[in-house]
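**Student:** Got a predicted model here, sequence first, then my questions.
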Amino acid sequence: MAFFALLPCRDEADIVGQSLRHALTWADEIHVFDSGSVDDTWEIVNDLARSEKRIKPLRKQAVFFSDTRVRGFLFDRARENMRDGDWFLRFDADEFHHIPPPEFVKTRLSRHETIVYHQYYDFKLLESDVTAWERGEQTLADRKRPIETRRNYFVPSIYTEPRLCRYRSTMRWPDHTSFPFNAGFLARERLPIRHYPHRDPVQLARRVHLRFIMMADTDNRRNGTIDHWLEAEWRKFILKDNDPELRHWAPGEELPRFQFTNHLRAPHTRMIQRAVHGFLLPLLDRTRPSFTGESALQPLSEETQRRLLQELGTH
């Protein structure tokens, strides 16, 4: 079986190189779609792709990031190389798989389990980190260091969503879903992922400002809003060092294994689902709509693109 990583990205120049190199330790192909970066993200992706053919830069296009359309587009392109029994993963540039997905499939799944939700370990930027930055004790030069040596305090996340799935040629991923219909039988175990959305004050301020500009676009707002994208003050994401939920981790240590079950249905429902998923999925797939193709992507307005370039620049 082969493992395909589907990576949408935008303005992740400080982390995307590390993320891709980490994914190359387990992925057979990494398909990348850049939704309009105004920093060096796309250049970094292509530089790595020149020496590593498993990285497949699909396209750079300034579009509104829709969890359904952009990821569906990636899947629609990557599936041309997939075969029944392969696995594909939704994956973001700030995610590092703590257990390689092939190892996870081999050691943590039963044969009938074909879709896996994630277990996030959300690594946080702390007040002490911001203080060290303001004193000049941490700088942009620190980005050359592995992210796992720079951010060592996390909060376990109860929230979860689908990340890893076994491929079948009949499955459908239409424009309006964030994962294929009838993806498969849900695994009890979650895929552990170290998540680094807030890496330093400059990156976090830029991230917040990027999303604030995007959500000001009238066309984007018509498509609905994501609440945390509406926050304009980056300091609200900083955690106090004495936050009771914080846990410490250092590279080389085992992460604690959480066994949250809020992603699972009641046992009797799971029994029915297992029967359905074991015998009826190819038939059900025929009733679902397909991805519509290029027209599903929603271009950003010229005004929003101009504002992004003007206010965020290329650095």
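**Tutor:** That came through, no problem.
**Student:** show me where the stretch 201-315 of the chain has helices.
**Tutor:** Applying DSSP state H, counting those that start in this stretch to the stretch 201-315 of the chain gives helices spanning 201-216, 218-222, 267-279, 281-285, 302-312.
**Student:** One more: the stretch 51-200 of the chain?
**Tutor:** Taking DSSP H, counting those that start in this stretch as the criterion, the stretch 51-200 of the chain carries its helices at 69-78, 101-108, 127-134, 147-150.
**Student:** related to what we said a few turns ago, do you know which of the helices of the stretch 201-315 of the chain lies nearest Ala93?
**Tutor:** Set against Ala93 and scored by Cβ to Cβ, the helices of the stretch 201-315 of the chain come closest in helix 201-216, at 11.3 Å. Glycine gets a C-beta too; all of them are placed from N, C-alpha and C.
**Student:** how far does that closest one sit from the chain's center?
**Tutor:** Remark: helix 201-216 is offset 17 Å from the chain centroid, using Cα atoms, centre = their mean, to the nearest Å.
**Student:** Mind listing what's buried along it?
**Tutor:** 201, 203-204, 206-208, 210-215 (16 or more other Cβ atoms under 10 Å).
**Student:** Those residues into TSV, with extra columns for pLDDT and distance to Gln138?
**Tutor:** Converted to TSV, the buried residues of helix 201-216 look like this (pLDDT from 0 to 100; distance: Cβ to Cβ, whole Å):
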residue	pLDDT	distance to Gln138
Pro201	97	9
Gln203	96	12
Leu204	95	13
Arg206	93	16
Arg207	92	17
Val208	91	19
Leu210	90	22
Arg211	85	24
Phe212	84	25
Ile213	87	26
Met214	84	28
Met215	78	29
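**Student:** Those residues into JSON lines, with extra columns for distance to Asp39?
**Tutor:** Listed next are the buried residues of helix 201-216 as JSON lines, based on distance: Cβ to Cβ, whole Å:
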{"residue": "Pro201", "distance to Asp39": "16"}
{"residue": "Gln203", "distance to Asp39": "10"}
{"residue": "Leu204", "distance to Asp39": "14"}
{"residue": "Arg206", "distance to Asp39": "8"}
{"residue": "Arg207", "distance to Asp39": "11"}
{"residue": "Val208", "distance to Asp39": "15"}
{"residue": "Leu210", "distance to Asp39": "10"}
{"residue": "Arg211", "distance to Asp39": "15"}
{"residue": "Phe212", "distance to Asp39": "17"}
{"residue": "Ile213", "distance to Asp39": "14"}
{"residue": "Met214", "distance to Asp39": "15"}
{"residue": "Met215", "distance to Asp39": "19"}
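**Student:** if we can go back for a sec, which of the helices of the stretch 201-315 of the chain sits closest to Thr107?
**Tutor:** Going by Cβ to Cβ, the one of the helices of the stretch 201-315 of the chain nearest Thr107 is helix 267-279, 20.8 Å.
**Student:** Centre of the chain to the closest one, how far?
**Tutor:** So, by Cα atoms, centre = their mean, the centroid of helix 267-279 is 28 Å from its chain's centroid.
**Student:** what residues are up against Leu109?
**Tutor:** 116, 187, 189 (Cβ atoms under 8 Å, 6 or more residues apart in numbering).
**Student:** quick one: contacts for the first one?
**Tutor:** Contact criterion Cβ under 8 Å, 6+ apart gives 104, 109, 162-165, 186-187, 189-191 as the residues in contact with Val116.
**Student:** Determine which of the helices of the stretch 201-315 of the chain shows the lowest mean per-residue pLDDT.
**Tutor:** Least confidently modelled of these is helix 218-222, at a mean of 60 by mean pLDDT.
**Student:** just to revisit the earlier point, could you dump the contacts of Leu109 to a markdown table with pLDDT?
**Tutor:** Listed next are the contacts of Leu109 as a markdown table, based on pLDDT from 0 to 100:
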| residue | pLDDT |
| --- | --- |
| Val116 | 98 |
| Ala187 | 97 |
| Glu189 | 97 |
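**Student:** tally of neighbours for the residue lying closest to Ser110 once chain neighbours are set aside?
**Tutor:** Take Ser110 and drop its neighbours on the chain: the residue closest to it by Cβ to Cβ, 6 or more residues apart in numbering is Ala187, 7.6 Å away. A count of neighbours around Ala187, defined by other Cβ atoms under 10 Å, yields 21.
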